[in-house]
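Visitor: predicted structure and sequence below. I'll ask about it afterward.
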Amino acid sequence: MKPRAILLGAVAIALGCGGCGKREESLSLLVWEGYADESAVHDFEQSHHCKVSASYMGSSDELVAKLRGGSASNYDVISPSSDVAASIARAGLAAPLNLSKIPSYSQLSNKLRDLPLVKPGGQVYGVPFMWGPNPLLYDTTVFSKPPDSWAVFWDPQYKGKVSVWDDLSSVYMAAQILGYDKPDPAKLYNLTDEQLAAVKEKLLELKPNIRKIWSTGGELTNLFENHEIVLAMGWPLNTNDLRKANFPIGETIPKENTTGWIDHLMITAASTHKELAHAFLEYMIEAKTQKLVTDRTHYTPANSGAAQFLTPDEMTSLHLDDPDAYMQRIYFWQDVPRRAKYNEIWNEVKAAQ
């Protein structure tokens, strides 16, 4: 969430397809950043001799807007998060999957696979791919120990030093500060008008502390590297990239807990390459590929078989040593029945001076 970030535009990657014949097939993706990294798809490229172009999205709403705006036919495979996956299936924008062509589906975590998020009418429309939280990121040269609450974002001493994501996750976070997730975290996704008005006021109070509202993972990484910010809501991908750059980044889940995402891979109903797309989904959820994606993103794989390729330290850092306990700290995104109203509130916050 979910990061997890996100280059806009398109990048071409060579992939392959057995049975393509003399004419190369092409496969077009609209996915989160890091999900079509060449390091992960290299073996598929070599064995299938086809071409994939991957575009990266910045939010769930951007994905939905492109699919509903007449662009669905431009994409074969998408990676919606758990807040919009079911609505995409219900709207007829995704194709039901032929699980006989995806044998690794049976290896996926039962807890993720059995979610009804992408099973309208009993048919499976998506395979769980990666999951994770929206953690609090902080500069460890400024904080000697992890901040224990999202409330630190509102601390006046960090004026102009905070960044939040251009996503409804920022609305959920403010709602958590106001206690609207108690006793039922699912309430975060179905707030009343009165609660949304209070959330808006809380976010407006935060505006003086916000240096920038980030849209892509690379953008947030740069904000930290340039020492423009010291606090942010981010993705594990940002933490991974910053640590590789030797930046003193810390990551934590505060006492209020956090929201998070379960990303799925789905095939669009408009795809004209469904056979190739099924082969791609199978490849991407195989344990070995899941490990490669995890190396790039630091997200937790849906295929628990990836553990065989991980060191004990990697198992711990990905929380695969006790995933159930970690999941209890994450309120996974759900359908938001009044999503338009949530977006209206968020857009008003962004537009406020």
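Guide: Sure thing, it's come through.
Visitor: and the nearest residue to His273 once chain neighbours are set aside, what does it touch?
Guide: In space, and not counting its chain neighbours, His273 is closest to Asp76: 5.1 Å by CB to CB, 6 or more residues apart in numbering. For every residue, glycine as well, the C-beta is placed using N, CA and C. Listed by CB atoms under 8 Å, 6 or more residues apart in numbering, the contact set of Asp76 reads 27-29, 267-268, 271-274, 276-277.
Visitor: got it, and Leu63?
Guide: Counted by CB under 8 Å, 6+ apart, Leu63 has contacts 30, 57, 78, 80, 84.
Visitor: in JSON lines, list the residues you listed along with secondary structure and neighbour count.
Guide: Listed next are these as JSON lines, based on DSSP: H, G, I helix; E, B strand; the rest coil; neighbours: other CB atoms under 10 Å:
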{"residue": "Leu30", "secondary structure": "strand", "neighbour count": "26"}
{"residue": "Met57", "secondary structure": "coil", "neighbour count": "24"}
{"residue": "Ile78", "secondary structure": "strand", "neighbour count": "30"}
{"residue": "Pro80", "secondary structure": "coil", "neighbour count": "31"}
{"residue": "Val84", "secondary structure": "coil", "neighbour count": "23"}
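Visitor: columns pLDDT and distance to Lys145 on top of those, output as a markdown table?
Guide: Below are these laid out as a markdown table (pLDDT from 0 to 100; distance: CB to CB, whole Å):
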| residue | pLDDT | distance to Lys145 |
| --- | --- | --- |
| Leu30 | 96 | 40 |
| Met57 | 94 | 35 |
| Ile78 | 97 | 40 |
| Pro80 | 96 | 36 |
| Val84 | 93 | 36 |
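Visitor: that older thread, from the contacts of Asp76, which land in strands?
Guide: Counted as lying in strands by DSSP state E, out of the contacts of Asp76, are 27-29, 267.
Visitor: identify the residues contacting the residue nearest to Ala287 when sequence neighbours are not counted.
Guide: In space, Ala287 comes closest to Gly305 once its chain neighbours are excluded; the distance is 3.5 Å by CB to CB, 6+ apart. Residues near Gly305 by CB under 8 Å, 6+ apart: 107, 287, 290.
Visitor: quick one: which of these is nearest Gly217?
Guide: Set against Gly217, the nearest of the contacts of Gly305 by CB to CB is Gln290 (19.5 Å).
Visitor: now do the helix or strand hosting that closest one, average pLDDT.
Guide: Here Gln290, judged by DSSP states H and E, is contained in helix 287-297. Mean per-residue pLDDT for helix 287-297: 96.
Visitor: check stretch 199-207 too.
Guide: 98.
Visitor: contacts for that stretch next, please.
Guide: 153-154, 162, 164, 170-171, 174-175, 177-178, 180, 191, 345-346, 348-349, 352.
Visitor: in ChimeraX, select just the buried ones from these.
Guide: In ChimeraX syntax, the buried subset of these is picked out as below (16 or more other CB atoms under 10 Å):
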select :153,154,162,164,170,171,174,175,177,180,191,345,346,349
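Visitor: so which of the contacts of stretch 199-207 sit within strands?
Guide: Of the positions in those, 162, 164 sit in strands, assigned by DSSP E.
Visitor: narrow the contacts of stretch 199-207 to those in helices?
Guide: Using DSSP state H, the subset of the contacts of stretch 199-207 located in helices is 170-171, 174-175, 177, 345-346, 348-349.
Visitor: farthest-separated two in these?
Guide: Pairwise distances among the ones in helices among the contacts of stretch 199-207 were taken by CB to CB; the largest, 18.2 Å, belongs to Ile177 and Glu348.
Visitor: ok so, going back, closest one of the ones in helices among the contacts of stretch 199-207 to Arg68?
Guide: For the ones in helices among the contacts of stretch 199-207, the nearest to Arg68 is Trp346 (18.4 Å; CB to CB).
Visitor: now do the contacts for the closest one.
Guide: Going by CB under 8 Å, 6+ apart, Trp346 touches 168, 170-171, 203.
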